[in-house]
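1. build me a model from this:
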Amino acid sequence: MRAMFGHSTEFQLPLAKLDEEVDILSFVVTKAGWESLQHRLKLSPSNHVRILTRLIYKAAIDPIKQAQAKWHYLEKNHAKVILYRKQKVAVLGSFNLTQPSLSSNIECLYRVNDSDHYNQLADKFDEYWRTTEKSKAAIVTQETVGQAIADTLDDREVEATDQEA
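-> As a prediction, the model looks like this:
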C-alpha cells in the first residue's frame with residue numbers, strides 16, 4: 001500500500017486499460033465530476049463502469065448513461081474508492097466525483113496493489129452492488145442532501161447538543 005499526499009493535480013490516478021472494468025464508490029457524483037473523472041482515467045466506451053453512490057446530481061445521470069456506465073444507490077455511504085479490475089489496483093482517498101474534488105482540493109490517496117487488500121475491497125464492492133439498485137432516493141434534492149448529512153452525524157453527539165440547547 002502506498003500513500004500519496006498533496007494537491008490532486010500533482011499526481012496521476014492510474015489510467016483505465018482497454019476493456020477494463022472500473023468500479024467507483026463515492027459519496028456524491030456531479031456531472032462535472034463524472035466528466036473530469038472520465039478525462040483523468042481516459043475512460044472509453046470499452047470500459048465497463050459501475051458507480052455506487054449516496055447522492056447523484058440529476059444532470060450527471062444522462063452523461064453516465066451515455067458512457068454506458070451504471071450507478072446504484074448505497075445508503076449511508078461515505079467511502080471513496082476506485083477499483084481497476086484488470087490491473088488489480090484500488091485507489092482509496094478523500095475524493096468525491098465533483099469538479100473541485102478532482103481538480104483543486106488537497107487530497108490524501110492510498111494506492112492498494114497487494115492482492116489480499118485488493119481482493120477484500122473488490123469482494124465488498126461486489127457484495128454492495130448485488131444488494132443495491134438504482135433509486136430516486138439518491139438523486140440530489142434538499143431532502144436527500146439533508147438526510148445524507150444527518151446520516152453522517154453521530155446520534156450521541158446530536159442528543160448531547162439537543163440537551164445543551
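2. longest helix in the chain, by number of residues?
-> Among the segments of the chain that qualify as a helix by DSSP state H, the longest is helix 115-130.
3. I'd like the mean pLDDT over that one, please.
-> Helix 115-130 shows an average pLDDT of 92 in the prediction.
4. which secondary structure state does residue 12 sit in?
-> Following DSSP: H, G, I helix; E, B strand; the rest coil, the label given to residue 12 is coil.
5. pull the number of nearby residues for it.
-> When neighbours are counted by other CB atoms under 10 Å, residue 12 registers 10. Every C-beta, even on glycine, is put in place using the N, C-alpha and C of the backbone.
6. and residue 42, by the same measure?
-> Counted with other CB under 10 Å, the neighbours of residue 42 add up to 13.
7. again, but for the one 3 residues further on
-> The tally of other residues near residue 45 (other CB under 10 Å) stands at 10.
8. and it, what helix or strand is that in?
-> According to DSSP states H and E, residue 45 maps onto no helix or strand at all.
9. and if you look at the one 10 residues further on?
-> Residue 55 belongs to strand 48-56 when elements are defined using DSSP H and E.
10. do residue 82 as well
-> strand 81-84.
11. packing partners of that strand?
-> In terms of contacts (3 or more CB pairs under 8 Å, 6 or more residues apart in numbering; DSSP states H and E), strand 81-84 is packed against strand 21-29, strand 89-93, helix 115-130.
12. quick check: buried residues in that strand?
-> Judged by neighbour count (16 or more other CB atoms under 10 Å), strand 81-84 contains these buried residues: 81-84.
13. per-residue confidence averaged over it?
-> When pLDDT is averaged over strand 81-84, the result is 92.
14. ok, and what's touching it?
-> 13-14, 16-17, 20, 22-25, 41, 89-92, 118, 121-122, 125 (CB atoms under 8 Å, 6 or more residues apart in numbering).
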